[in-house]
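Participant: What shape does this take:
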Amino acid sequence: MDTANNPKILLAEKCARELKKILMNTKHVSREASKISTDVEKKMIEIKYSYLDVESMGEMLQSLRESMHKLLDSLGGKEWAKKAKKEGIGEVKIAKIRFCMNILYNLESRLRLPDDPAYAVDIRIGKVESVWKHPNGEKLKVCNVNVGRLITVITNDLSVREGEKIGVALLPPQDIRGIVSEGMFIGSGDGVTRKEGEIGNIPQLTTEEINAVRKEVLRYIRD
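Facilitator: Got it, this is the predicted structure:
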């Protein structure tokens, strides 16, 4: 495998760098967490230049998952996000930490998915639990979406309704006019596409839908 140019590995490598940068520049984060993030960055470099197939990378990928468990513990365990919020760590930072840790932890499973940059991020069937108008954007809606856990998605498709199932790509979080969006609804030129299936499963995508996700993934890698 050309691991040095594999988009899934390149995205994980970028996440490792971003995670280290965030943790080393955030108050109330332990030295242990910063140390682990440095170690994770080194592990991603080893994976990138291993030129091995997924099976042969087994030990390295397992070590990466173990590091994510250790990092989670050092941040405060399963309730770390609530703790971080109480300590004044901003929502964007919290969402970015969560995104990067998820990308790194699940790298092996993504490497086993179709060989396309789009699958460098999680693509899930999400159920819209609630929808409201963005307070700072006339042509935007804010949606709470269940993809196996609740995330926030901001969309410009005003036809989205509560209870609908839609394909969601979990992308790097960004602040959109004061609210953090953790992904995008997948669709075509006609708007978002409703999907059938179990919440949290990977939906079947058209070529146009895959292209839309691929574009966002490659943009993040290259930025």
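
Participant: And the nearest residue to Lys78 once chain neighbours are set aside, how close does it get to Ser50?
Facilitator: Leaving aside its sequence neighbours, Lys78 sits nearest to Leu72 (Cβ to Cβ, 6 or more residues apart in numbering; 7.4 Å). No exception for glycine: its C-beta is placed from N, CA and C like everyone else's. Distance, Leu72 to Ser50, using Cβ to Cβ, to the nearest Å: 25 Å.

Participant: and if you look at Pro117?
Facilitator: 19 Å.

Participant: For these two, indicate the residue with more neighbours.
Facilitator: Pro117 (20 against 15; other Cβ atoms under 10 Å).

Participant: just checking, next helix/strand downstream of the helix or strand containing Ile94?
Facilitator: For Ile94, the host element (DSSP states H and E) is helix 91-105. Under the assignment DSSP H and E, the closest C-terminal helix or strand after helix 91-105 is helix 107-111.

Participant: just to revisit the earlier point, list the buried residues of the helix holding Ile94.
Facilitator: Neighbour-count burial for helix 91-105 flags 91, 93-105 (criterion: 16 or more other Cβ atoms under 10 Å).

Participant: ok now do the residue lying closest to Leu140 once chain neighbours are set aside, which residues does it touch?
Facilitator: Closest residue to Leu140 apart from its sequence neighbours, by Cβ to Cβ, 6+ apart: His134 at 3.7 Å. The neighbourhood of His134, defined by Cβ atoms under 8 Å, 6 or more residues apart in numbering, consists of 140-142, 154, 176-177, 179.

Participant: what's in contact with the lowest-mean-pLDDT helix or strand in the chain?
Facilitator: In the chain, no helix or strand scores lower on mean pLDDT, DSSP states H and E than strand 187-188, which sits at a mean of 83. For strand 187-188, the external contacting residues (Cβ under 8 Å, 6+ apart) are 157, 166-167, 193, 206, 208-209, 212.

Participant: strands paired with the next helix or strand after that strand, and their directions?
Facilitator: Counting by DSSP H and E, the next helix or strand C-terminal to strand 187-188 is strand 191-192. Using DSSP bridges, the strands paired with strand 191-192 are strand 187-188 (antiparallel).

Participant: Three-state assignment for Ile210, please.
Facilitator: helix (DSSP: H, G, I helix; E, B strand; the rest coil).
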